[in-house]
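Student: show me how the following folds:
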Amino acid sequence: MHELSIIASLFEILLQKAGEQKALKITGVKLNVGKLSGVMPEALETAFEFYKKGTIAETAELEIEEMPLKVLCQDCGLEALKDSYIFVCPACGSTNLKIRQGTELFLEKIELEIE
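Tutor: So this is what the prediction gives:
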């Protein structure tokens with residue numbers, strides 16, 4: 001379960017940023033998780049709940065936005081959202097696709113309570 005190590009690293013960042021801002025609490029965290037990131041959102045939520053206990057993020061809410069898989073056909077130029085993992089252009093049938101979105105995992109927002 002690499003989600004645990006991801007959340008451990010996330011908490012290092014959260015606590016560092018909160019310290020820089022002299023925050024009293026971390027009240028919210030938003031992550032963007034791509035459909036092909038290899039990360040399970042449910043496992044991230046479980047790990048987050050575990051890590052936040054006893055920290056200034058103890059009451060923080062975790063919001064996870066799942067980013068859809070978006071591809072660009074290198075042959076016909078169509079940009080499309082894909083619901084399946086069948087990498088075929090819906091317009092021309094080409095398999096020459098470039099992933100434009102869906103592999104990311106990033107921290108979008110930290111909400112802090114400051115004095």
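Student: quick check: longest helix in the protein by residues?
Tutor: helix 3-20 (DSSP state H).
Student: in that helix, which residues are buried?
Tutor: 3, 6-7, 10-11, 14, 18 (16 or more other C-beta atoms under 10 Å). C-beta: built from backbone N, CA, C; applies to glycine.
Student: average pLDDT for that helix, rounded please.
Tutor: For helix 3-20, the mean pLDDT works out to 96.
Student: can you tell me the SS state at residue 39?
Tutor: Following DSSP: H, G, I helix; E, B strand; the rest coil, we place residue 39 in the coil state.
Student: quick one, what contacts it?
Tutor: 2-3, 6, 33, 105 (C-beta atoms under 8 Å, 6 or more residues apart in numbering).
Student: could you say which helix or strand contains the residue with the largest distance to the centre of the chain?
Tutor: The outermost residue of the chain relative to its centre, with distances by C-alpha atoms, centre = their mean, is residue 92 at 31.2 Å. Per DSSP states H and E: residue 92 is located in neither a helix nor a strand.
Student: check the secondary structure at the nearest residue to residue 27 once chain neighbours are set aside for me.
Tutor: Spatial nearest neighbour of residue 27, excluding adjacent residues (C-beta to C-beta, 6 or more residues apart in numbering): residue 111 at 4.6 Å. In the three-state summary, residue 111 is assigned as strand, counting by three-state DSSP.
Student: I'd assumed residue 26 was in contact with residue 111.
Tutor: Yes. With contacts counted by C-beta atoms under 8 Å, residue 111 reaches residue 26, the gap being 7.1 Å.
Student: mutual contacts of these two, please.
Tutor: In contact with both residue 111 and residue 26: residue 60, using C-beta under 8 Å, 6+ apart.
Student: more neighbours, these two?
Tutor: residue 26 (24 against 14; other C-beta atoms under 10 Å).
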